[in-house]
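> Structure, please.
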Amino acid sequence: MDPAEPPQPWEQVDLLSLMQAPTEKKALEPEIEPVIEPEPEPVADPEPRAEPDPAPQAEAPPEIGSPLVPQRLLILDTETTGLDPQRDRCIEVGAVLFDVPRRSVLAQVSFLLPCEHNPAQAVNGIDPVLTQQPQPWQQGLDWFEALLAAADVVVAHNAAFDRQWFGIAPLPAIHQPWLCSMEDIRWPADRHLRSNPSVRDLALAYGVPVWAAHRALTDCIYLAQVFERCSDLEQLLQQGLEPRRLYRARLSYEERHKAREAGFRWNEPVSGAWSRRLSEREAALLSFPVVPVEGEQQRRSA
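Below is the predicted model:
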């Protein structure tokens with residue numbers, strides 16, 4: 001075969017020359033050294049800018065768990081043989097432990113204390129013979145003390161009367177704050193109640209059926225059912241627990257109707273005057289002037 005002739009398709013190609021060609025080409029190219037960038041010099045941190053003060057926020061209302069709102073109430077009532085704790089006796093105690101956030105009764109108790117005479121039988125319907133029947137009143141008293149220990153506030157309708165019997169044996173002394181559902185709580189105007197409503201009128205105003213009266217536990221149940229229906233109970237309790245003192249109205253005879261409409265009482269406890277226990281906030285809201293009562297009358301009204 002003539003060496004000048006081109007190779008035929010079947011002839012083997014010189015693979016070595018094909019492999020060396022790129023290598024030689026690479027060797028002819030100049031090597032390029034990598035450029036190393038200098039590291040930047042550290043820059044001092046700029047002075048921190050003062051953050052703007054946050055906008056003042058409105059004070060949130062107290063939550064249900066706040067110490068200002070009692071969580072548990074001990075609603076209690078007593079029946080007695082008369083009005084004078086120095087001479088008469090307490091013969092019945094009723095109590096209901098009430099949970100404020102859940103508007104529900106937790107526990108209750110009622111028991112009779114033995115007595116030989118009851119001059120107030122026509123009022124409370126308790127026969128002295130009934131009080132002498134065998135019953136675990138001592139255990140009932142122990143249970144009452146356990147309920148009392150679980151309560152934040154003691155509630156009674158006409159608390160000034162009920163509280164004077166405690167601390168006289170066999171009833172224990174009570175150290176929790178007292179709240180009067182007749183004097184201290186300002187019931188909503190849309191219930192159309194008198195300033196010092198009776199338990200019966202209060203129950204009917206909230207749609208609570210009244211089936212009996214003048215037994216201790218019955219009156220406690222009425223109050224508990226009223227509280228169950230109070231959507232604004234926390235506010236009523238907070239305002240009812242405000243510190244109060246006795247005030248005397250400064251009104252002429254012709255203006256006496258203003259004091260009566262505001263719940264002031266004539267001749268009680270201040271002789272010859274219209275008076276009522278008020279907080280400073282309530283006194284400031286009156287449409288007529290009042291002055292605080294000092295001395296023994298103030299102490300007796302507390």
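> Now do the same contact list for residue 289.
Shown in contact with residue 289 (C-beta atoms under 8 Å, 6 or more residues apart in numbering): 249, 250. (C-beta placed from N, C-alpha, C; glycine too.)
> in the chain, which spans are helices?
Shown for the chain, the helices assigned by DSSP state H span residues 15-28, 121-124, 128-131, 137-149, 159-162, 199-205, 216-228, 233-240, 256-261, 280-285, 296-301.
> any idea of the mean pLDDT for the last one?
What that stands for is helix 296-301. For helix 296-301, the mean per-residue pLDDT is 55.
> separation between the spatially closest residue to residue 103 that is not a sequence neighbour and residue 99?
Distance criterion C-beta to C-beta, 6 or more residues apart in numbering; nearest residue to residue 103, sequence neighbours excluded, is residue 228 at 4.8 Å. For residue 228, the distance to residue 99 equals 10 Å [C-beta to C-beta, to the nearest Å].
> so where's this structure shaky on pLDDT?
Scanning the chain for pLDDT under 70 picks out 1-67, 296-302.
> Strands along this structure, start to end?
For the chain, applying DSSP state E gives strands covering 72-80, 90-99, 104-112, 153-156, 178-180, 245-249, 265-266, 274-278, 290-292.
> got CSV for those strands, with distance to residue 214 and mean neighbour count too?
Shown next, in CSV, are those (distance: least, C-beta to C-beta, whole Å; neighbours: other C-beta atoms under 10 Å):
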stretch, distance to residue 214, mean neighbour count
strand 72-80, 7, 24
strand 90-99, 10, 23
strand 104-112, 13, 17
strand 153-156, 15, 24
strand 178-180, 18, 20
strand 245-249, 29, 20
strand 265-266, 23, 14
strand 274-278, 25, 23
strand 290-292, 34, 15
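> quick one, which of these is nearest to residue 235?
Closest approach to residue 235 among these (C-beta to C-beta): strand 178-180, 13.4 Å.
> Packing partners of the closest one?
Using 3 or more C-beta pairs under 8 Å, 6 or more residues apart in numbering; DSSP states H and E, the elements in contact with strand 178-180 are strand 153-156, helix 159-162, helix 233-240.
> This completes my enquiry, with thanks.
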